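>>> need a 3D model of the following:
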Amino acid sequence: MKLGVFSASLSVKDLKTSKEFYEKLGFTVFAGDMDKNYLIMKNGNALIGLFQGMFEGNILTFNPGWDHSANPVDPFDDVRAIQKALKGHGIQLSSEADEDGSGPASFTVSDPDGNVILIDQHR
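I've put the predicted structure just below:
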């Protein structure tokens, strides 16, 4: 199963302060919007999302169908196929994508320690 590009989605208290910190670590703004309270930052192939006031806790994020530069990758495993495979392994999902849909969709699952994993397909 191909989960797609990986990033850490961090819940931050102050977006500007976090942006400045990660810039000191060599990250640059790749996408997002300060006015919408989120930024995606990149350092080589390392991606982090900084999100202020959008969710609690940090999230492990996978984006099927994208590479590290948000370019389309083909072939890729559709989010609904990944969801079906996980359910087939007896994994309980926290939220689900519409199995009859197509295109962008997402679902979440928590690992045994409560860490949230988001599978978020944008295409």
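>>> in this protein, where is pLDDT below threshold?
Counting by pLDDT under 70, the chain shows no low-confidence range.
>>> in contact with G26, which residues?
With contact taken as C-beta atoms under 8 Å, 6 or more residues apart in numbering, G26 is in contact with N43. For the C-beta atoms, the positions are set from N, CA and C on the backbone; glycine is no exception.
>>> strands along the protein, start to end?
Along the chain, counting by DSSP state E, strands occupy 5-12, 28-33, 38-43, 46-52, 59-63, 105-110, 116-121.
>>> which strands and helices sit next to the third one?
Right, strand 38-43. In terms of contacts (3 or more C-beta pairs under 8 Å, 6 or more residues apart in numbering; DSSP states H and E), strand 38-43 is packed against helix 15-24, strand 28-33, strand 46-52.
>>> could you identify which of those is most buried?
With neighbours taken as mean count of other C-beta atoms under 10 Å, the helices and strands packed on strand 38-43 reach their highest mean count in strand 46-52, at a mean of 21.
>>> what residues does it touch?
5-15, 18-19, 22, 27, 30, 32, 37-41, 61, 68.
>>> equivalent analysis for stretch 71-80, please.
Defining contact as C-beta under 8 Å, 6+ apart, one finds that stretch 71-80 is touched by 1-4, 64-67, 97-99, 101-102, 105-107, 119-121, 123.
>>> now, of those, which are buried?
Among those, the ones that count as buried by 16 or more other C-beta atoms under 10 Å are 3-4, 64-66, 97, 105-107, 119-121.
>>> quick one: the closest residue to H68 other than its chain neighbours and F30, what's the gap?
Excluding its sequence neighbours, the residue lying closest to H68 (C-beta to C-beta, 6 or more residues apart in numbering) is N45, at 4.5 Å. Distance from N45 to F30, counting by C-beta to C-beta, to the nearest Å: 11 Å.
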